[in-house]
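Colleague: This is a predicted model, with the sequence first.
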Protein chains: 2
Amino acid sequence: MTADVSLAPRDPGSDAEGTRWLDAEEQQAWRAWLYSAQLLLDRLDRELTHATGISHAYYEILVALSETEGRMMRMSELADRCLSSRSRLSHAVSRLEERGWVRRQVCPDDGRGQLAVLTDDGFAALEAAAPVHVESVRTHLFDQLSPEQVAAMRDLGETLLRHLGPR
Amino acid sequence: MTADVSLAPRDPGSDAEGTRWLDAEEQQAWRAWLYSAQLLLDRLDRELTHATGISHAYYEILVALSETEGRMMRMSELADRCLSSRSRLSHAVSRLEERGWVRRQVCPDDGRGQLAVLTDDGFAALEAAAPVHVESVRTHLFDQLSPEQVAAMRDLGETLLRHLGPR
DNA sequence: GCGGAATAGATGAGCCTTCAACTAGAGTTC
DNA sequence: GAACTCTAGTTGAAGGCTCATCTATTCCGC
């Protein structure tokens, strides 16, 4: 309805600075995307956190580790995989270490490097959380969409990824 | 490529708990959406913050206020409009007050209520930030998409909104 | 193999968000 | 109109994220 850039059309058409304001159609599309993205991310994170005590950010770290050979990964690679800054990941791994779910290990190949290693407890926590999370994603996303919409979602996501990432 | 729920298919098809795991197609769609949403939100917030000193969260508060008659709104209504908790909004408005962009005022109709009022300085800050933000949204979103994709984005967003919100 | 630049990661301060109280005014019932 | 309950909003503590800074190691050129 109202859009977060609707300040714009007070000087419609051409603007002193030539700003390419959004028209009404674009604003509706933008708002719909923004609101739905914020609500969905928030909902999924909340349900996961409340049901399992694992935030979505932590969950992604555990998943990334669980998928590798030996359940371990270099800190930087893990950060990239989780769309996280190095600092953020470093803090997060410290907290996961306190829970006993991850452990740090010096990287044999590179004395500067550290390997984050998923512990058995960490793996067990992930196994317990995964069904909850999948069900959440189904309920709030896939169950709401037709197959065509799922295909459109994928196409949209991949198009944007080509521009924004993969880093 | 790898999905954050790919723990799933280790016991494909039927599962002890009957979890409806995602298949490969669904995982790719989900990952594409998740990554692109995170990257886009992050990018927009960063560009706005670095260029103007206003985070996207603050920006939305200022916009919501700027769109009302008298540039003022009840705290609760403002929180709903910004998809924010009351607590979060209360803290945020306090910080905006320190910047002199918003001011609080007791609500005449309801002694419990507060009105958040956008100041002239606040409006000026918003006017300065808006072109930057719109350009950012154009560059990273609309410029990347065909008209069909924009339509699909809107359809997707609205479909999800019917399920998730508007409250 | 020495000196400088680049890379990997950690750390701490400051801000933001969440959650669980808590205050205060409105509405409701008898 | 007193007592209960409900709603509006604030507050403070605790944890999370960002940014700037710092240390340790490797890489590169000579």
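Modeller: Right, received. Where do you want to start?
Colleague: residue in chain A nearest to DNA strand D?
Modeller: In chain A, the residue that lies nearest DNA strand D is residue A:111 (2.6 Å; Cβ to the nearest atom of the strand). Just so you know, the C-beta spots here come from the backbone N, C-alpha and C atoms, and that holds for glycine as well.
Colleague: that's a strand at that residue, yeah?
Modeller: No: applying DSSP: H, G, I helix; E, B strand; the rest coil, one finds residue A:111 to be coil, outside a strand.
Colleague: Apart from its chain neighbours, what residue comes closest to residue A:101?
Modeller: Distances taken as Cβ to Cβ, 6 or more residues apart in numbering or on different chains put residue A:122 closest to residue A:101, at 3.1 Å, once the chain neighbours are dropped.
Colleague: and if you look at residue A:35?
Modeller: Distance criterion Cβ to Cβ, 6+ apart; nearest residue to residue A:35, sequence neighbours excluded, is residue B:161 at 5.9 Å.
Colleague: do the strand or helix carrying residue A:139 and DNA strand D meet?
Modeller: Assigning secondary structure by DSSP states H and E places residue A:139 in helix A:120-140. No: Helix A:120-140 lies out of reach of DNA strand D by Cβ under 7 Å from any atom of the strand, never closer than 13.7 Å.
Colleague: Which strands and helices lie in contact with that helix?
Modeller: Contact partners of helix A:120-140 among helices and strands, from 3 or more Cβ pairs under 8 Å, 6 or more residues apart in numbering or on different chains; DSSP states H and E: helix A:24-52, helix A:56-66, helix B:147-164.
Colleague: so residue A:134 makes contact with residue B:22?
Modeller: Yes: under the criterion of Cβ atoms under 8 Å, residue A:134 makes contact with residue B:22 at 6.3 Å.
Colleague: Spell out which residues of chain A are next to DNA strand D.
Modeller: Residues of chain A found near DNA strand D (Cβ under 7 Å from any atom of the strand) are A:55, A:57, A:84, A:85, A:87, A:88, A:91, A:92, A:95, A:110, A:111, A:112.
Colleague: Pull the number of nearby residues for the fourth one.
Modeller: By that I understand residue A:85. Residue A:85 has 10 neighbours, counted by other Cβ atoms under 10 Å in any protein chain shown.
Colleague: And the first one, by the same measure?
Modeller: Under the neighbour criterion other Cβ under 10 Å, residue A:55 is assigned a count of 14.
Colleague: The residue nearest to residue A:35 and residue A:38 touch, don't they?
Modeller: No: using Cβ under 8 Å as the test, residue B:161 is too far from residue A:38 to be in contact (10.5 Å).
Colleague: out of everything not next to it in sequence, what's closest to residue A:129?
Modeller: Leaving aside its sequence neighbours, residue A:129 sits nearest to residue A:52 (Cβ to Cβ, 6+ apart; 4.2 Å).
Colleague: got a list of what the one you found touches?
Modeller: By Cβ atoms under 8 Å, 6 or more residues apart in numbering or on different chains, the contact set of residue A:52 is A:125, A:128, A:129, A:132, A:133.
Colleague: If any of these are buried, give me the PyMOL selection for them.
Modeller: Command for PyMOL, covering only those of these found buried under the criterion 16 or more other Cβ atoms under 10 Å in any protein chain shown:
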select buried, chain A and resi 125+129+132+133
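Colleague: Distance-wise, check residue A:163 relative to chain B.
Modeller: Note on residue A:163: its distance to chain B, by Cβ to the nearest Cβ, to the nearest Å, is 5 Å.
Colleague: which one is that residue nearest to, not counting chain neighbours?
Modeller: In space, residue A:163 is closest to residue B:144, 4.8 Å off (Cβ to Cβ, 6+ apart).
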